[in-house]
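**Student:** Fold the stuff below for me.
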Amino acid sequence: MNPTSATIDRELLRREFQMGGRFELMGAKEVADELGVQMSNLQHQRDLPRPVATLSRGDIWLAQDIREFRHERADRRLKRGWEKTAAA
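**Tutor:** Residues are numbered from 1 along each chain as shown. Presented below is the predicted three-dimensional model:
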C-alpha cells in the first residue's frame, strides 16, 4: 500500500469514527458471507469497494460499504432482468 492511499484510508476511518463513535469492519470471510459468494470468488466481484486497510492476513472493509455494494448490485441485477423482460 503506498503512503498516499494509506493516508486516505486513515482519513476515511477517522471520519467514520467521528460520525458515530463506532464502526463495523469486515474481513474477506465476512464480505464473502455478506455477498453470498465463496472466498475464492471474492476477487472476481466487480466494483467491490476499496478496502480501508490491508493487513498481512488480507484486506479490511467497512461493513457499511459492503452492504451498500450488495444493495446496489441487487438493484443492477433487478434492472437487467426488467430490461430483458421488456425486450422479449
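**Student:** what ranges do the strands span in the chain?
**Tutor:** Counting by DSSP state E, residue ranges of the strands within the chain are 25-26, 53-55, 58-62.
**Student:** mind listing what the last one pairs with, with the direction of each?
**Tutor:** Translated: strand 58-62. strand 25-26 (antiparallel), strand 53-55 (antiparallel) (DSSP bridges).
**Student:** Show me what that strand is in contact with.
**Tutor:** The contact list for strand 58-62 (Cβ atoms under 8 Å, 6 or more residues apart in numbering) reads 12, 16, 23-28, 31, 49, 51-54. In short, each C-beta sits where N, CA and C put it, glycine included.
**Student:** Now that strand: buried residues?
**Tutor:** Buried residues in strand 58-62, counted by 16 or more other Cβ atoms under 10 Å: 59-62.
**Student:** so where do the helices sit in the protein?
**Tutor:** Secondary structure of the chain (DSSP state H): helices located at 3-20, 28-35, 63-87.
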